[in-house]
Structure formats: C-alpha cells, structure tokens
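Q: Here you go, sequence then predicted model.
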Amino acid sequence: MMQEYSEKHVHFIDFSLPKLLEEFLNSFIEKVEDFSILDLGCGDGRLLYAMYKKGLLRNAERVVGIDISETRISRLKKTCPFAEGIVADACNLKHIPDNSFDIAVSSQVIEHVSNDRHMLKEVYRILKPGGVFYISSVIKKWYGFWIYWNNGFKLDPTHVREYRSPEEFLNLLKSERFQIMRWETNKVSYPILDLMLRGLIKVGLVKASPDFYLKHQLLAKIRNLIKIRVIGYQTIEALVKVRK
C-alpha cells in the first residue's frame, strides 16, 4: 500500500515553510558558520526545497533526506540535488552514528510510523548535544472528520495514530527527554485545487509530479485562494532541544 500511495500521492513542491521553522532557521544561520541538517520522512523534498530557495541552507555542510519510500527518495534527488537521499525507516536509523546532526526536522511523519517512541529515541540519539528538533503532527478532536476511513475517519489513510490533544503530544516529547522551546497549533485547510489534482492523478489523467505548480505558475497563484477547512483537526508544531 505504501509504495502505491507514494507513487500517486505526491507532495507538491512550493516555497512555503511553517512559520515556526522558518523563524528558527533564520535566527540559527546568523549564529553559526556551518551546520548539518536532516529531514526525517522527507517525502519528495518539499521542505528541503523551500529551505534552499529561501537561502536557509547556505551555511549547511551536510543536508540529508530520509524516507522509507524509494520512489520519494528518487524524486528528492531530482528536486534537491544538493541533498543526500537515504532510504530508511524513521524508527531504525542504524546507518547514522550517534551525535551526527545539529538539526533534525520531521513534518507530519510521526503519525505514520509504527512506534512513535522509537522514532523519537532515534532522533535523540543522532542529534548532537544541544541539537534542535522541529516536529509537527496532527491533533484530532472527538468530532474530527475528513474523507478517509481507516478504523475511523482519518486525515490521511496511512495514519497509524492521530493525537487527541496538544498536551498528549508535548508530554510524549518530554517523556523522551526533549526540552520544549516553542510550540503552536494551527487550523487545517487544504487548497481545493490540490484535491482536484490528486483526483486527476489517481485516475491517470495527470502525471504525478512534485513540481507541478512550479511548472504552472498561474495555477500556483490560484491554488491558495480557495481552501476547504477540515473539521475538528489542527496541526501542532514544536521546536525542542536535546539535553545530554
């Protein structure tokens, strides 16, 4: 299921970054001459591409993207040739030594993995002392509703879990020895054009391509004008620090 999902469900590349992450990186790169960064569950390279285009990787000596899907890593290498691509499970990063990275990011990934605590333990292990981890996920209220069904309505059909409150998510991070620096929640809404495009990809009328909006600038401008609000869902983002 995961391979088929990766082939048809592309992550559309654009120039947007979560505000919390962008503000942190802007401040961070002014203080360091070089750093290493890893995107865990990088998908097709959406975040790394946006960071690069905004000049937020200009001091980076090493940029790595990790994803369980070979299809997504193949796309990453085309979209972000400046990054190393590694096919691996987010819960098992055995090829990466301890204390290897200054920064790790993981956007909307932890809700997909088989064991969220194992993933956090691996991130803690590979980050240097004082390293920073940006992580985001979803919060579902009891009345949360969306179009996918997997033992209940889900925001994504491949979600293993959806957290019930910000406190549950933040306490999970604290329990794995991360120190909370900042966090925030935001409403979830999707561009209607994205939903239409995914439907056309699914039936084979449009080729799955992460750079679709980069090639069609007019549609890119229209994309964010009309969005649909997802009932009962929020995103949660957190910046946390490693204390070893």
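A: Structure received. Source: prediction; values computed, not measured.
Q: Please make it C-alpha for all contacts and neighbour counts, starting now.
A: Fine.
Q: tell me the secondary structure for Val63?
A: At Val63, secondary structure determined by DSSP: H, G, I helix; E, B strand; the rest coil is strand.
Q: so it makes contact with Ile37?
A: Yes. Using Cα atoms under 8 Å, Val63 makes contact with Ile37 at a distance of 5.2 Å.
Q: More neighbours: which of these two?
A: Comparing Val63 with Ile37 by other Cα atoms under 10 Å, the one with more neighbours is Ile37, at 24 against 19.
Q: Quick check: the more buried one is in a helix.
A: No. Secondary structure of Ile37 (three-state DSSP): strand, not part of a helix.
Q: Sticking with the nearest residue to it once chain neighbours are set aside, tell me its helix or strand.
A: Nearest non-adjacent residue to Ile37, counting by Cα to Cα, 6 or more residues apart in numbering: Ile103, 4.7 Å away. Assigned by DSSP states H and E, Ile103 falls within strand 101-107.
Q: pretty sure Leu219 contacts Phe212?
A: No. Contact criterion Cα under 8 Å: Leu219 and Phe212 do not qualify, at 9.2 Å.
Q: which residues sit against stretch 154-170?
A: Stretch 154-170 is contacted from outside by 2, 111-114, 138-142, 145-150, 180, 185, 236, using Cα atoms under 8 Å, 6 or more residues apart in numbering.
Q: cool, and stretch 209-217?
A: Val10, His11, Phe12, Ile13, Asp14, Asp44, Arg75, Thr79, Leu219, Ala220.
Q: in its sheet, what does the strand holding Ile103 sit against?
A: Strand 101-107 has the following strand partners under DSSP bridges: strand 35-40 (parallel), strand 127-140 (parallel).
Q: tell me which residues in the longest one are buried?
A: For strand 127-140, burial by neighbour count (16 or more other Cα atoms under 10 Å) applies to 127-129, 131-140.
Q: who's in contact with the strand holding Ile103?
A: In contact with strand 101-107 (Cα under 8 Å, 6+ apart) are residues 35-42, 123, 126-128, 130-137.
Q: Now the element after it, going C-ward?
A: helix 116-126.
Q: State the mean pLDDT of that next one.
A: Mean per-residue pLDDT for helix 116-126: 98.
Q: tell me which residues of it are tucked away?
A: In helix 116-126, counting by 16+ other Cα under 10 Å, buried: Asp116, Arg117, Met119, Leu120, Lys121, Glu122, Val123, Tyr124, Arg125, Ile126.
Q: So which residue is smack in the middle of the chain?
A: With the centre of the chain defined as its mean C-alpha position, the nearest residue by Cα atoms, centre = their mean is Ser107, 2.2 Å away.
Q: do you know how far it is from Gly204?
A: 28 Å (Cα to Cα, to the nearest Å).
Q: Would you confirm that Ile226 contacts Asp194?
A: No. Using Cα under 8 Å, Ile226 is not in contact with Asp194, being 10.2 Å away.
Q: okay, these two: which has more neighbours?
A: Neighbours were tallied for Ile226 and for Asp194 using other Cα under 10 Å; the higher tally belongs to Asp194 (15 against 12).
Q: Which residue ranges of the protein form strands?
A: Using DSSP state E, the strands of the chain run over residues 35-40, 60-67, 84-87, 101-107, 127-140, 148-149, 153-154, 178-191, 227-242.
Q: Export these to a markdown table and append columns for distance to Phe169.
A: As requested, the strands of the chain are exported to a markdown table (distance: least, Cα to Cα, whole Å):
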| stretch | distance to Phe169 |
| --- | --- |
| strand 35-40 | 18 |
| strand 60-67 | 22 |
| strand 84-87 | 26 |
| strand 101-107 | 14 |
| strand 127-140 | 8 |
| strand 148-149 | 22 |
| strand 153-154 | 17 |
| strand 178-191 | 11 |
| strand 227-242 | 8 |
